[in-house]
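# Here is a sequence together with a model predicted from it:
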Amino acid sequence: MLSNYMTAVKGRVDSHKDISIEERDSLVTLAEGKLSEGFETYHWNANIHGIVIRLYTNSAHLYDFWVENWFPGPRTQNVLPHGAIYAVTGVEGMEPHAYYNHETRTAIFVNTEYYGQCKSWALGMAADILETQHGIHSIHGSCAVLNGKGVVIIAPTGTGKSTHTWGLMQMPDGKIHSDDWVFLQYKKGLAMADISERKFYIRTDMVKSFPGLKLLLDRCKCENVADDDFGAFANSRAILDPEWIGGRDKFVERAVVKSVILLRRDSASPAEERLSTDEAIAVLEEGKIQVLAGAGADIGSYKYEPFYNPYLLVRRNESQRAFFSSLFDAASCHILNTGVETVDETQARIRRIIKEA
């Protein structure tokens, strides 16, 4: 590995996403006070689909991954960001926690260096702005292209979203688009997907399904890889350049989506169902999932994440229903159960669905 940083907190921390402006101001004052204590402070503008999010932190690890992950925003100090994240460690007397104020688009992370939540909230902040001001739909999902047809896979953590996206890329005419987050615009009956990140923040335990990936991970900056074993911890991560996976020709920045795959993992549901628009939206809006390894909660328990998207910092269900209705007008929707078939069997179903779209 190029590097491997072990964080004290290895998953999402508890959060409040609706703090008042007064609470925001108090927390920002606390964060700025901590940042002023030493010379080791960092700030950098990220360009997330045209939205500038600035990180302020005293964590070299968060800064390192932030710069590695995103497209760079404007460097001049005269450019004001659309949103800001303060991430400070070493605050005495406070438990790890995350806070968000929608009015000022400000997030504050206290005593956590886990990059995954910082990254996801940056996407959520950009989504907050893009949804209301530009009509752009943000989806927590992956996207691939096979024979010129785009497919979006939407699924809870641990059900195989990345595995099946990568499986499609292995095909001669397969390309990878995005691994975790997709921006969608709907025009003239088409659903057009754009990428969100410069590099992928991926689970390193994917080496269990793709052993050849180890050669790439050995060249990556990593987080929480235990005992130099990429598969030892379900939530260990790496920052990976998508062009390394199969070369520039295997990566595409825009796709026209023709099919949508929802994934679930249980022992009772059918292996495959085709869903109507209303059925698909009902499944997504309920967002019932069984917690699996790497999802940051009690494994085996059930929870609800509307639209399978824990990253949305402001929930606008009516807007989401309208967005997904436009998506399913442009693309067919199927739900597959990865708990009753092998990876190869589910992958065969996905390839058939894309071919028929």
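Arrived safely, thanks for sending.
# how about the helices in the stretch 101-250 of the chain?
Here the stretch 101-250 of the chain has its helices, by DSSP state H, counting those that start in this stretch, at 115-134, 161-169, 214-217, 243-246.
# Tabulate the ones you listed in a markdown table, adding columns for distance to K199 and mean neighbour count.
Every residue, glycine included, has its C-beta placed from N, CA and C. Below are the helices of the stretch 101-250 of the chain laid out as a markdown table (distance: least, Cβ to Cβ, whole Å; neighbours: other Cβ atoms under 10 Å):
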| stretch | distance to K199 | mean neighbour count |
| --- | --- | --- |
| helix 115-134 | 11 | 21 |
| helix 161-169 | 14 | 22 |
| helix 214-217 | 12 | 15 |
| helix 243-246 | 9 | 17 |
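# now these as TSV including distance to N317?
As requested, the helices of the stretch 101-250 of the chain are exported to TSV (distance: least, Cβ to Cβ, whole Å):
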stretch	distance to N317
helix 115-134	12
helix 161-169	22
helix 214-217	38
helix 243-246	35
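# Out of these, which gets nearest to L27?
helix 115-134 (14.1 Å; Cβ to Cβ).
# residues of the helix or strand of the chain with the lowest mean pLDDT that come out buried?
Lowest by mean pLDDT, DSSP states H and E among the helices and strands of the chain is strand 288-290, with a mean of 78. Using 16 or more other Cβ atoms under 10 Å as the test for burial, strand 288-290 gives 289-290.
# Show me what it is packed against.
If contacts are counted by 3 or more Cβ pairs under 8 Å, 6 or more residues apart in numbering; DSSP states H and E, strand 288-290 sits against strand 302-304.
# in the strand it packs on, what's buried?
Result for strand 302-304 [16+ other Cβ under 10 Å]: no buried residues.
# residues making contact with the helix or strand following it?
Helices and strands here follow DSSP states H and E; after strand 302-304, the next one along the chain is helix 317-330. If you take Cβ atoms under 8 Å, 6 or more residues apart in numbering as the criterion, helix 317-330 is touched by 131-132, 137, 152, 184, 186, 189-191, 257-258, 260, 277, 280-281, 284-285, 306-307.
# Helix 317-330 to helix 115-134, inter-axis angle?
80 degrees (axes from the mean of the first three to the mean of the last three Cα atoms, to 10 degrees).
# what's the next secondary structure element after helix 317-330?
Scanning onward from helix 317-330 (DSSP H and E), the first element met is strand 332-337.
# which of the contacts of helix 317-330 are buried?
131, 137, 152, 184, 186, 191, 257-258, 260, 280-281, 284, 307.
# Which two of these have the greatest separation?
Pairwise over those, using Cβ to Cβ, the maximum falls at E131 and K258, 23.3 Å.
# So L262: helix, strand or coil?
At L262 the chain is in strand, as set by DSSP: H, G, I helix; E, B strand; the rest coil.
# count of neighbours near the closest residue to it other than its chain neighbours?
Excluding its sequence neighbours, the residue lying closest to L262 (Cβ to Cβ, 6 or more residues apart in numbering) is I335, at 4.2 Å. Using other Cβ atoms under 10 Å, I335 has 22 neighbouring residues.
# What of D228?
9.
# separation between it and I202?
17 Å (Cβ to Cβ, to the nearest Å).
# just S196 next, same as before
S196 is 14 Å from I202, by Cβ to Cβ.
# Equivalent analysis for S332, please.
27 Å.
# Give me the more crowded residue out of those two.
Higher neighbour count among S332 and I202: I202, with 22 against 17, using other Cβ under 10 Å.
# Secondary structure class of G93, three-state.
Going by three-state DSSP, the secondary structure assigned to G93 is coil.
# what about it, how many neighbours?
By other Cβ under 10 Å, the residues close to G93 number 5.
# Look up how far T57 lies from the residue lying closest to E305 once chain neighbours are set aside.
Using Cβ to Cβ, 6+ apart and skipping the chain neighbours, the partner closest in space to E305 is G287 (4.3 Å). As judged by Cβ to Cβ, G287 and T57 stand 31 Å apart.
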